[in-house]
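Asks: Sequence plus the predicted model coming up.
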Amino acid sequence: MTHIIEMKNVYKSFYTESSEILVLKDLNLTLKKGKILAILGPSGSGKSTILNLLTSLIQPTSGEIMINGKIGYMFQRDHLLEWRNIMDNITIGLEIQKKLDKESLKKIERLLKTYDLWEFRNGFPKELSGGMRQRVALIRTLATNPDILLLDEPFSALDYQTRLLVSEDIYKIIKNEHKEAILVTHDIAEAISMADEVAVLSMRPAAIKNIYEIKLTIEGEKTPLIARKSPEFKDYFDDLWKELDINDK
Amino acid sequence: MTNKQKDTEKSEGYKHFLKEKQKKKYSILFWQVFLSVGFILLWEVMAAYELVNTFLVSSPSQIFKLFITYIADGSLFKHVAISVWETILGFSLGTILGIMVAIILWWSDTVAKVLDPILVVLNALPKTALAPILIVWAGAGIQGIVVTAITISIVTTILSAYNYFIHVDEEKVKMLQSFGASKAQILTKLVLPSNVANIINIIKINIGLSWVGVIVGEFLVSRYGIGYLIVYGGQVFRLDLVMMGVAVLAVCAFLMYTAVNGIEKIYRAKRVTKY
């Protein structure tokens, strides 16, 4: 079976006038079909570098990156453009790719209606709550029909309650639309509750230290909030906490 | 979701708050009117009783009489029209050309670095010093005056617009790049629209700067315009003419500024919807 994303022996260095910084050292990573992979690491460990490599914003110094599918990027902040209304914010990706047609507008209409934003389509970003803005940002990414979603700490700008609710929403959207996703985060609980696999990064230069497969006993459908209540949640939390703690020393 | 409450829903405290707010507004207006009317009256009275030398400071009524004469023979309109036209040309061309250069600098980091010292020197240089040369080069008519006005406004436009352009949120640039946006698309979809308010501010500053250029240009060459009226009045010791010129100039500049403020208000209102 081919994987959706495969990174093999990836090295990445950044150069400045005064020094050379090795950020990724022999990084290996796979994203399997239908799964959500969380990359958990301390801040400054090179999480964003991995995402930038996957979106080809930067090139690896050496190593191989294979991506089967189109990538959609979701950022830490929603980055909605204040002078565009919600509809125009969502269509910006399609506008740029010159793919704005009836079919894509229909898809957007369906997404907006499914995720309770349809009545706000003519409103402006500042009239929306943080959670709603984040949903709009996700729909903006989904509108361009990506196969794989990269989520770069997508909830860290939100307050705690909103954060739980939005991760619930986003999780459902990802699963409903049958997408694969890589979630980059420093929040252990968030990683366990959302992901099927959690890869732990070491301190810089970063490599994958360990990969945990998350298996929770849950009756019925999994959602992040229900996952937090499962009996194994605490154990995974302790394991991952230790894993990160060791890295700090 | 309406922001405005009906009268019946207002609480006593809120009504009181609104009343106080209104009161304050009126008291400010009163003082503004009082000070300007008081100043003019005092001036008139002191001139009438010859407490001040009317040859040096003229008097409001004398200036007004002159104003009526100039309106009656239509010459004031001609002077005002020419100066206003020169100023509009000056600030619009200065703004447009300046923003175009700023876009080039934003586009190419290398060009920006190469031109940096030139811009710094030009910015530090009082551009009015160039007026005599520019007028010789561009011609002694309206062209020379407009070129002077452009020169004064263009350098600050370039520097401030460039500064605004490079400080656009980099994460937003990355967001557009994640959709595969080209540099031109980043310019038209992010850099320019996110800076509309800043560009309006640049225009406001340029209106003032263009008036400087136009008046200096008219001092040097013209036979028409408000600047000409002022300098002519000065040469023949007609201080009432000088003061009338200055007053007309102030009104013109104020009206232009108000017009731009109106445009800004329309632009701001456009971004709010009501459900």
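Replies: Sure thing, it's come through.

Asks: Check the secondary structure at the most centrally placed residue in chain A for me.
Replies: Geometric centre of chain A, nearest residue: A:Leu151, 1.6 Å, by Cα atoms, centre = their mean. Under DSSP: H, G, I helix; E, B strand; the rest coil, A:Leu151 falls in the strand class.

Asks: what comes up buried for stretch A:9-23?
Replies: A:Val10, A:Tyr11, A:Lys12, A:Val23 (16 or more other Cβ atoms under 10 Å in any protein chain shown). Placement of C-beta: from N, CA and C, glycine included.

Asks: Before we move on, what's the pLDDT of the third one?
Replies: The score at A:Lys12 is 86. That number is its pLDDT.

Asks: contacting residues for it?
Replies: A:Leu22, A:Val23, A:Leu24, A:Gly46, A:Thr49, A:Leu53, A:Ile58, A:Pro60, A:Thr61 (Cβ atoms under 8 Å, 6 or more residues apart in numbering or on different chains).

Asks: redo that, cut-off 10 Å
Replies: A:21-25, A:27, A:46, A:49-50, A:52-53, A:58-63, A:205-206 (Cβ atoms under 10 Å, 6 or more residues apart in numbering or on different chains).

Asks: Likewise for the last one?
Replies: Contacts for A:Val23 were tallied using Cβ under 10 Å, 6+ apart; they are A:11-14, A:44-46, A:48-50, A:53, A:61, A:204-206.

Asks: tell me which residues of stretch B:59-68 are tucked away?
Replies: Neighbour-count burial for stretch B:59-68, counted by 16+ other Cβ under 10 Å, picks out B:Ser59, B:Pro60, B:Gln62, B:Ile63, B:Leu66, B:Phe67.

Asks: so the residue nearest the centre of chain B is in which element?
Replies: With distances taken as Cα atoms, centre = their mean, B:Ile207 lies nearest the centre of chain B, 2.8 Å away. Following DSSP states H and E, the helix or strand that holds B:Ile207 is helix B:196-220.

Asks: as a whole number, average confidence for that helix?
Replies: Mean predicted lDDT for helix B:196-220 stands at 92.

Asks: Taking helix B:196-220 as reference, get the angle to whatever helix or strand comes next after that helix.
Replies: Using DSSP H and E, the next helix or strand after helix B:196-220 towards the C-terminus is helix B:226-235. Relative orientation of helix B:226-235 and helix B:196-220, computed by axes from the mean of the first three to the mean of the last three Cα atoms, to 10 degrees: 40 degrees.

Asks: Report all helices and strands that the helix or strand of chain B with the lowest mean pLDDT contacts.
Replies: In chain B, no helix or strand scores lower on mean pLDDT, DSSP states H and E than helix B:54-57, which sits at a mean of 85. Where contact means 3 or more Cβ pairs under 10 Å, 6 or more residues apart in numbering or on different chains; DSSP states H and E, helix B:54-57 is packed against helix B:12-48, helix B:239-269.

Asks: domains of chain A?
Replies: A:3-69+A:147-248, A:81-145 (automatic domain parsing).

Asks: For those domains, give me JSON lines that also has distance to B:Glu86.
Replies: Shown next, in JSON lines, are the domains of chain A (distance: least, Cβ to Cβ, whole Å):
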{"stretch": "domain A:3-69+A:147-248", "distance to B:Glu86": "49"}
{"stretch": "domain A:81-145", "distance to B:Glu86": "33"}
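
Asks: what about those, which gets the closest to B:Trp43?
Replies: Proximity to B:Trp43 (Cβ to Cβ) singles out domain A:81-145 among those, at 48.0 Å.

Asks: any idea of the mean pLDDT for the closest one?
Replies: Mean predicted confidence for domain A:81-145 is 89.

Asks: Next: stretch B:133-153.
Replies: 91.

Asks: buried stuff in that stretch?
Replies: Buried residues in stretch B:133-153, counted by 16+ other Cβ under 10 Å: B:134-135, B:138, B:142-153.

Asks: Check stretch A:36-46 too.
Replies: With the criterion 16+ other Cβ under 10 Å, stretch A:36-46 contains buried residues A:Ile36, A:Leu37, A:Ala38, A:Ile39, A:Leu40, A:Gly41, A:Pro42, A:Ser45, A:Gly46.

Asks: Show me which of the buried residues of stretch B:133-153 is closest to chain A.
Replies: B:Ser153 (25.5 Å; Cβ to the nearest Cβ).

Asks: and the residue lying closest to that closest one once chain neighbours are set aside, which of the three is it?
Replies: The spatially closest residue to B:Ser153, leaving aside those adjacent along the chain, is B:Gly94, at 3.4 Å (Cβ to Cβ, 6 or more residues apart in numbering or on different chains). Look at B:Gly94: counting by three-state DSSP, its state is helix.

Asks: Tell me the spacing between B:Gly94 and chain A.
Replies: Counting by Cβ to the nearest Cβ, to the nearest Å, the gap from B:Gly94 to chain A is 25 Å.

Asks: can you count the residues close to that residue?
Replies: 28 (other Cβ atoms under 10 Å in any protein chain shown).

Asks: Please tell me I have it right and it contacts B:Ala102.
Replies: No - applying Cβ atoms under 10 Å, one finds B:Gly94 not in contact with B:Ala102, separated by 12.0 Å.

Asks: any chance you could map the strands in chain A?
Replies: A:5-15, A:20-31, A:36-40, A:62-67, A:71-74, A:148-152, A:180-185, A:197-201, A:208-213 (DSSP state E).

Asks: can you give me the angle the fourth one makes with strand A:20-31?
Replies: On the basis of the same axes, to 10 degrees, strand A:62-67 is oriented at 30 degrees to strand A:20-31.

Asks: Strand A:62-67 - which strands sit beside it in the sheet, and in what orientation?
Replies: strand A:5-15 (antiparallel) (DSSP bridges).

Asks: Can you show me the CA trace of the strand it pairs with as CSV?
Replies: Extracted as CSV, the C-alpha positions of strand A:5-15 are listed here (Å, rounded to 0.1, in the frame of the first residue of the first chain):
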residue,chain,number,x,y,z
ILE,A,5,2.9,11.2,2.6
GLU,A,6,6.3,9.7,3.1
MET,A,7,9.4,11.6,4.3
LYS,A,8,12.6,9.6,4.1
ASN,A,9,15.9,10.6,5.7
VAL,A,10,15.1,14.3,5.4
TYR,A,11,17.8,16.8,6.5
LYS,A,12,17.2,20.5,6.5
SER,A,13,19.7,23.3,7.4
PHE,A,14,19.1,27.0,7.5
TYR,A,15,21.9,29.4,6.7
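
Asks: picking up where we left off before, buried by neighbour count, from the contacts of A:Lys12: which ones?
Replies: Buried among the contacts of A:Lys12 by 16+ other Cβ under 10 Å: A:23-25, A:27, A:46, A:49-50, A:52-53, A:60, A:63, A:205-206.

Asks: if we can go back for a sec, what about the residue nearest to B:Ser153, distance to A:Asn210?
Replies: Distance of B:Gly94 to A:Asn210, computed by Cβ to Cβ, to the nearest Å: 62 Å.

Asks: Now do the buried residues in the worst-scoring helix or strand of chain A on mean pLDDT.
Replies: Between all helices and strands in chain A, the lowest mean by mean pLDDT, DSSP H and E belongs to helix A:233-248, at a mean of 76. For helix A:233-248, the neighbour count (16+ other Cβ under 10 Å) marks A:Phe233, A:Tyr236, A:Phe237, A:Asp239, A:Leu240, A:Glu243, A:Leu244, A:Asn247 as buried.
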